[in-house]
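In: generate coordinates for the sequence data below:
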Amino acid sequence: QVHLVESGGGLVQAGGSLRLSCVASGRTFSSYAMGWFRQAPGREREFVAAISADAGGMEIANSVKGRCTISRDNAKNTVYLQMSSLKIEDTAVYYCAATYSRGTYYTQRTQYDYWGQGTQVTVSS
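Out: Okay, here's the model as predicted:
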C-alpha cells in the first residue's frame, strides 16, 4: 500500500511558476514509477508527466512540454512537478500517482494503482 500526499498548489498569475510535491509513504518508493495527471472541471483526467523508478526515463505531455519538468528524490520519497510559464488553461486539480515498477514509466491513467487526493492549481490572468 502506498499513500500519496500532494502539496504546492495555489493561485498564480499567468506566466508564473509553481512546484508541486508529492510525498509517498512506505519504504519502497524507489520501486515505484510515478506520474502526474490533472483534471479540469468538466474534463477527463489527463496525463502531464511520468518518471521511472530510477529516474532514468521520463516523459512530459505535449501540452506542457518546455514548461514542466518532473523529478524525484528517492531518499525523500518525493516526486516533483516544476511548472513555469503557466497558462490559464493549466488550471486544474493535479494528482500524483504511483505504480510498482523497476523498469519503465507509464502515461496511461489505468496503469497506476495509487493516487493522491489532488492539489488545486489556479492560474489567473
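In: near residue 17, how many other residues are there?
Out: Residues lying near residue 17 (other Cβ atoms under 10 Å) number 11. Where C-beta positions appear, they are placed from N, C-alpha and C, glycine not excepted.
In: who are the contact partners of it?
Out: Residues near residue 17 by Cβ atoms under 8 Å, 6 or more residues apart in numbering: 82, 83, 84, 85, 86.
In: distance of it relative to residue 8?
Out: 11 Å (Cβ to Cβ, to the nearest Å).
In: what's the closest of the contacts of residue 17 to residue 116?
Out: Taking Cβ to Cβ as the measure, residue 116 lies nearest residue 83 of the contacts of residue 17, at 16.4 Å.
In: residues near the closest one, how many?
Out: Residue 83, neighbours per other Cβ under 10 Å, totals 25.
In: also residue 121?
Out: Other residues close to residue 121 by other Cβ under 10 Å number 22.
In: what ranges do the strands span in the chain?
Out: 4-7, 10-13, 18-24, 32-39, 46-51, 58-60, 68-73, 78-83, 92-100, 114-115, 119-124 (DSSP state E).
In: most packed of the ones you listed?
Out: strand 32-39 (a mean of 25; mean count of other Cβ atoms under 10 Å).
In: what does the average pLDDT come to for that strand?
Out: Average pLDDT, strand 32-39: 98.
In: direction included, what does that strand pair against?
Out: strand 46-51 (antiparallel), strand 92-100 (antiparallel) (DSSP bridges).
In: all set now, cheers.
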